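> Take a look and give me a structure for this.
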Amino acid sequence: MKICKRCGKNLPIESFGKDKRHKDGLMRMCKECVRTQYINVQKPYRQKKKEHIRFMERERDARNREKMNQFYFKKLAKFHWQKNKKKISVEEVQNMLKQQDKKCFYCKVELTGKNLHIEHYYPKSNDKIVLACADCNRLKWTKTGDEFLSFIKEYASRFL
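Residues are numbered from 1 along each chain as shown. Okay, the predicted model is just below:
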């Protein structure tokens, strides 16, 4: 027989868990008190900890997404400068993205870092520059912006 330090009951030894740290090799609290302590204290703490970890992961993902977009904006601006010898800053790309509501100029698809291309409305001209998705940039090829818009309308009408 042994007395539980929490509830004060005199219980048989089988009611106590093993613990090598103590002289008698048994825990100070009975199994029932350990269970209630887990339910009342540790379980809510672990739940809060899990929620906090999920929140921090979502925050980290959002920060990483923003960093990746910044990386792609810089890379895109640098590539455009090397190709056309007209420098475009990251701020200009961001402003163009805001003006276009983060959507492709032609098909209105949501633009992300990898899907974002700097597009010349008139081929081989730096007069009007817009942001387009990778698919529209490849499809447009050497067409002017007006020709491409009419092409898209005609192409889309086939499926409607």
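> can you pull the contacts of residue 108?
Residues near residue 108 by C-beta atoms under 8 Å, 6 or more residues apart in numbering: none. From N, CA and C alone the C-beta is placed, and that goes for glycine too.
> before we move on, which element is it in?
Element membership for residue 108 (DSSP states H and E) is empty, with no helix or strand holding it.
> Distance check, it against residue 97.
Separation of residue 108 from residue 97 (C-beta to C-beta, to the nearest Å) stands at 13 Å.
> just residue 127 next, same as before
With distances taken as C-beta to C-beta, residue 127 is found 19 Å from residue 97.
> for residue 62, same thing?
Per C-beta to C-beta, residue 62 is found 17 Å from residue 97.
> These two: which has the busier surroundings?
Neighbours per residue (other C-beta atoms under 10 Å) separate residue 62 from residue 97, with residue 97 holding more: 16 against 10.
> so which strand or helix has the residue positioned nearest the centre of the chain?
Nearest to the mean C-alpha position of the chain, counting by C-alpha atoms, centre = their mean, stands residue 61 at 3.6 Å. Assigned by DSSP H and E, residue 61 falls within helix 43-84.
> Cool, thanks, talk later.
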